[in-house]
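Undergrad: With the sequence up front, the predicted model follows.
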Amino acid sequence: MSDLFRRQSGPFRAGDRVQLTGPKGRLNTVTLEVGGAFHTHRGILDHDLVIGQPDASVVTSSNGIEYLAMRPLLTDFVMSMPRGAAIVYPKDAAQILSVADIFPGARVVEAGVGSGALSLWLLRAIGPTGSLQSFERRQEFADVAQGNVEAFLGGVPENWTVSVGDLVQSLPSAAEDGTVDRVVLDMLAPWECIDVASNALTAGGVMVCYVATVTQLSRTAEAIRATAQFTDPESSETMVRTWHVEGLAVRPDHRMIGHTGFLLTARRLAPGSRLPQVARRASKSDYSDDDVEVWTPGALGERVSSDKSLRKSVREARAAADASLAASGKTPNSEPLEL
């Protein structure tokens, strides 16, 4: 499988994606082809001038304009790739890899796959000896995700499977009880999957839930506690503020990446074990059926992508994957992905 993944260092080769930065800072990402060319109103840059050059080289177009040529980082790729569903932002993906302690060789279950952003981070973390089982309810999202992963890596990893269907129904037959190291739930109602995730996890295994609203956060935490099969859940959010640093002009940037989602983390207790009681201050922890009703998927307002938008994202992801394979001398797969 080592030959499958596109090399992320060394001289540029045909099939590599390259990020070209012009004099005004505008970014353009192309897939290198022997004999290919990048056309702009400022002239033509032949791909052959880039192929063979070291990463982060400066190349010159036909009219003398200089471009900085660099391989896109995974962060660059996921922020610009076609989307079927909202992505897990790099700042949250980094936290998931950290708090879930994703390690080489880990057996990981992910639901849902969205546009494949988190899948790429997980695949990189588990390495060729690990395994990633991704579950997605919608075929269109699964198609976009597989196209994006194939476009970035140069192929579909052998240790990654994508199943279309509900996790509650699909996971018991896909993974034996107690054999999964990590479970990552990125969905509207993760509390519906706590029991099946608990059964799949090995003792000491980690479950991470990624949710967008405080109501989802609250209900998921209470559902985890109600099973009595996990450690007390820990919740957090991550915000990133960049700074402008130029000479003595040192200040925070005017814009920052604020709230994108909450992370809820808990570890599976050994079968038959019970968490020691912890003294708690009295709080308003009781809730009624009416309170629960406002946490239902319909009331939460699930964001729905139009069929037209999804079809466009599938086409773009598939086209990027096929272009990458063709430039590398491999046979593109223009047929819909069979999952």
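TA: Done, it's in.
Undergrad: can you point me to the longest helix in this structure?
TA: Ranked by number of residues, the top helix in the chain under DSSP state H is helix 307-327.
Undergrad: check contacts around the residue nearest to residue 212 when sequence neighbours are not counted.
TA: The shortest distance from residue 212 to any non-neighbouring residue, by C-beta to C-beta, 6 or more residues apart in numbering, is to residue 261 (5.1 Å). All C-beta atoms are positioned from the backbone trio N, CA, C, and that covers glycine. The contact partners of residue 261, by C-beta atoms under 8 Å, 6 or more residues apart in numbering, come to 88-89, 92, 210-212, 237.
Undergrad: and those as CSV, adding secondary structure and pLDDT?
TA: Listed next are those as CSV, based on DSSP: H, G, I helix; E, B strand; the rest coil; pLDDT from 0 to 100:
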residue, secondary structure, pLDDT
88, coil, 92
89, coil, 92
92, helix, 96
210, strand, 97
211, strand, 96
212, coil, 93
237, strand, 96
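Undergrad: Show the buried residues in those residues.
TA: Buried members of these, counted by 16 or more other C-beta atoms under 10 Å: 88-89, 92, 210-212.
Undergrad: Report the two members of those residues separated by the largest distance.
TA: Greatest spatial distance in the buried ones among the contacts of residue 261: 89 and 211, 13.9 Å, computed using C-beta to C-beta.
Undergrad: OK, contacts around residue 15?
TA: Counting by C-beta under 8 Å, 6+ apart, residue 15 touches 6, 31-33, 154, 324-325, 327-329.
Undergrad: Out of these, grab the one that's most surrounded.
TA: Within the contacts of residue 15, residue 324 tops the neighbour count with 24 neighbours, counted by other C-beta atoms under 10 Å.
Undergrad: center of the chain - which residue?
TA: For the chain, residue 118 is the residue whose C-alpha lies nearest the centre (C-alpha atoms, centre = their mean; 1.6 Å).
Undergrad: Hmm, residue 187 and that residue touching each other?
TA: No: counting by C-beta atoms under 8 Å, residue 118 does not reach residue 187; the two are 11.9 Å apart.
Undergrad: Contacts only, for the residue lying closest to the residue nearest to the centre of the chain once chain neighbours are set aside.
TA: Nearest residue to residue 118, sequence neighbours excluded (C-beta to C-beta, 6+ apart): residue 88, at 4.3 Å. Taking C-beta under 8 Å, 6+ apart as the criterion, residue 88 is in contact with 96, 114, 117-118, 121, 186, 210, 261.
Undergrad: Residue 88 and residue 222: what is the separation?
TA: Distance check for residue 88 against residue 222: by C-beta to C-beta, to the nearest Å, it reads 24 Å.
Undergrad: what do you get for residue 150?
TA: Between residue 150 and residue 222 the computed distance is 39 Å (C-beta to C-beta).
Undergrad: and if you look at residue 241?
TA: Going from residue 241 to residue 222 by C-beta to C-beta gives 32 Å.
Undergrad: who has more neighbours, those two?
TA: Remark: of residue 241 and residue 222, residue 222 carries more neighbours, 15 against 10, as counted by other C-beta under 10 Å.
Undergrad: residue boundaries of the helices in the protein?
TA: Under DSSP H, the chain gives helices at 74-80, 90-99, 117-126, 139-153, 167-174, 194-200, 214-227, 289-293, 297-300, 307-327.
Undergrad: of those, which approaches residue 62 most closely?
TA: Nearest to residue 62, of all these, is helix 307-327, at 21.3 Å by C-beta to C-beta.
Undergrad: Now do the closest one: distance to the chain's middle.
TA: Relative to its parent chain, helix 307-327 has a centroid offset of 17 Å by C-alpha atoms, centre = their mean, to the nearest Å.
Undergrad: How about stretch 28-39?
TA: Using C-alpha atoms, centre = their mean, the mean C-alpha position of stretch 28-39 is found 26 Å from that of the whole chain.
Undergrad: what two of the contacts of residue 88 have the greatest distance between them?
TA: 121 and 261, at 14.6 Å, using C-beta to C-beta across these.
Undergrad: ok, residue 62 - how many residues close by?
TA: Neighbours of residue 62 under the rule other C-beta under 10 Å: 14.
Undergrad: How about the one 5 residues further on?
TA: Residue 67 sits with 24 neighbouring residues when counted by other C-beta under 10 Å.
Undergrad: Residue most distant from the centroid, the chain?
TA: The chain, C-alpha atoms, centre = their mean, max distance from centroid: residue 63 (39.3 Å).
Undergrad: Once you drop chain neighbours, what's closest to it?
TA: Setting aside the residues directly before and after it, residue 63 is nearest to residue 43 in space (C-beta to C-beta, 6+ apart), at 3.6 Å.
Undergrad: related to what we said a few turns ago, closest one of the buried ones among the contacts of residue 261 to residue 314?
TA: Closest approach between the buried ones among the contacts of residue 261 and residue 314, by C-beta to C-beta: residue 88, at 19.5 Å.
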